[in-house]
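*Asks:* Sequence and predicted structure are below.
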Amino acid sequence: METAPPLLRFDGVTCRFGEVTAVGGVTCDIAFGSFVAMVGASGSGKSTLLKTVNTLVEPTGGRVLFGGEEVTQLKPARLRRRVGYVFQGIGLFPHFSVAENIAIGPRLAGEKLARERIAELLELVELDPAYATRMPDELSGGQRQRVGVARALAGEPELLIMDEPFGALDPVTRDALGRKVRELHERLGLTTVMVTHDMAEALLLADRVLVMDRGALVADESPRALLAGKGGTVAQRLVSVPREQAEKLAAMEGLGEPRS
Ligand code: ADP
Ligand code: MG
């Protein structure tokens, strides 16, 4: 039986910067509709690998296929519409209003986003459409990141890529936005790849967790399999952090009323 190609395929992708091998031969498929988290220490090559998808980085070896086609063969404007990108850090243009920030992708492609569409995108990320005229420095960190997500969705992408989208946010805002993105993923029928350095976030939000270590993909497991001890040493070291926290909290609850 013929199976459809995956939405995204990394085929032996290698990225070298001079002496540094940021990504060393990564091969993996991302299926339509999946929500994949990518976890790994700082400098393990996560951002570099993501940037090969929209050709911000060109691999020195291997290929990246999007819908079965090599990304370097696709028209950049078209590719960037089909792939929504939430950058590491906040990444809004400070001198552009919220509306202008959201409309930047289509504008670069020579299109104008209607005011109604901008309002709709703001509503999607639960921001009041009145925020359209605000400047980024008039927003909280969480609101700015909601705008970042609205901007990534402006071109009606098939694939949503997020590079540590919630890293700078407080835990409560972070949890709410994580759940919002997962809900949008379902509602809009997206395929999502999210980089996070937080294994707990990965386990709670994703269907599948990829672990990067020094440029290599060292684990590719479901959250359930990771919690059952699979994925190898590096993955298990990352899983042990939230696990030990959860155990300590459970133990504290078991002690009942705090002693006075
Ligand atoms: P991560 O996102 O996992 O923290 P990166 O992909 O940003 O990791 O970086 C992986 C490695 O590649 C690091 O050693 C980083 O310094 C190096 N690197 C990334 N981009 C460049 C670049 N444009 N030029 C030189 N080295 C780079
Ligand atoms: Mg990074």
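*Replies:* Yes, it's here. Ligands and ions are numbered 1, 2, ... in the order given.
*Asks:* wait, what's in contact with Ser42?
*Replies:* Ser42 makes contact with His197, according to Cβ atoms under 8 Å, 6 or more residues apart in numbering. For every residue, glycine as well, the C-beta is placed using N, CA and C.
*Asks:* just use 54 as the starting number from now, easier for me
*Replies:* Okay, residue one is now 54; in that scheme the one you just asked about reads as Ser95.
*Asks:* pLDDT score assigned to it?
*Replies:* Looking at Ser95, its pLDDT reads 92.
*Asks:* Report the closest residue of the stretch 204-313 of the chain relative to ligand 1.
*Replies:* Relative to ligand 1, the nearest point of the stretch 204-313 of the chain is Met265 (6.2 Å; Cβ to the nearest ligand atom).
*Asks:* Who does that residue form a beta bridge with?
*Replies:* Met265 forms beta bridges with Gly93, Leu270, as assigned by DSSP bridges.
*Asks:* That one touches Gly96, doesn't it?
*Replies:* No - when contacts are counted by Cβ atoms under 8 Å, Met265 is not listed as touching Gly96 (9.7 Å).
*Asks:* quick one: which of these two has more around it?
*Replies:* Relative neighbour count places Met265 above the other of Met265 and Gly96, with 23 against 13, counting by other Cβ atoms under 10 Å.
*Asks:* roughly how far apart are the more buried one and Gly78?
*Replies:* With distances taken as Cβ to Cβ, to the nearest Å, Met265 is found 12 Å from Gly78.
*Asks:* Gly96 too?
*Replies:* 17 Å.
*Asks:* Likewise for Glu274?
*Replies:* From Glu274 to Gly78 the distance is 19 Å (Cβ to Cβ).
*Asks:* Those two: who's more crowded?
*Replies:* Between Glu274 and Gly78, Glu274 has the larger neighbour count (other Cβ under 10 Å), namely 18 against 15.
*Asks:* Contacts only, for the nearest residue to that one once chain neighbours are set aside.
*Replies:* Distances taken as Cβ to Cβ, 6 or more residues apart in numbering place Gly284 nearest to Glu274, at 4.5 Å, with adjacent residues excluded. Neighbour list for Gly284: Val262, Val264, Val271, Ala272, Asp273, Glu274, Ala278, Val292 [criterion: Cβ under 8 Å, 6+ apart].
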